[in-house]
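[1] Have a look; sequence and predicted model below, questions after that.
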Amino acid sequence: MEALAKLRGCPMSARKMRLVADHIRNMEVGPALDTLKFTRKEASTWLEKLLVSAINNWGEKTGQDPEDFKLYIKTLLVDEGPMMKRFRPAPYGRAHRIRKRSNHVTIVVANKIAIEGDFDEEE
């Protein structure tokens, strides 16, 4: 069983978000939350909230307590979102373009025992 959580339009570049996302990809949920809590980047607060949301979604979907199961991050995608383009004045009457980037994050949390059973059936 797996559950999904999405964050859309986060006001940060996808490149900065991927730096933190790469640390927790394919980790179990407990150590991933600890890693995010002690990471000193702004992206870690956004990812921590999203991971907690995905865990709660899994609990609502299955009707069971997530703490009793070994959940792990099955998929973690960080895609680029829409870019706002602004202009700043520059010397000699010119204008410089400022790109305010955003991103979309998708987390899929799954039960580790259920996934191991799926692999056994395929063999």
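    Okay, I see it. Numbering: from 1, shown residues only.
[2] going forward, measure contacts and count neighbours with C-alpha atoms only.
    Noted.
[3] How about the contacts made by residue 89?
    Residue 89 makes contacts with 95-96, as judged by Cα atoms under 8 Å, 6 or more residues apart in numbering.
[4] and it, bridged to which residues?
    Assessed by DSSP bridges, residue 89 has beta-bridge partners residue 95.
[5] ditto for residue 72
    Going by DSSP bridges, residue 72 forms beta bridges with residue 28, residue 110.
[6] Please name the residues that touch it.
    So residue 72 contacts 26-29, 109-112 (Cα under 8 Å, 6+ apart).
[7] Low-confidence stretches in the protein?
    114-123 (pLDDT under 70).
[8] Show me the helices in it, by range?
    Here the chain has its helices, by DSSP state H, at 14-24, 29-37, 42-62, 112-122.
[9] follow-up on the earlier one: can you list the contacts of residue 72 in a markdown table and add distance to residue 103?
    As requested, the contacts of residue 72 are exported to a markdown table (distance: Cα to Cα, whole Å):
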| residue | distance to residue 103 |
| --- | --- |
| 26 | 20 |
| 27 | 22 |
| 28 | 24 |
| 29 | 22 |
| 109 | 20 |
| 110 | 23 |
| 111 | 27 |
| 112 | 28 |
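[10] Give the residue farthest from the middle of this protein.
    residue 92 (43.1 Å; Cα atoms, centre = their mean).
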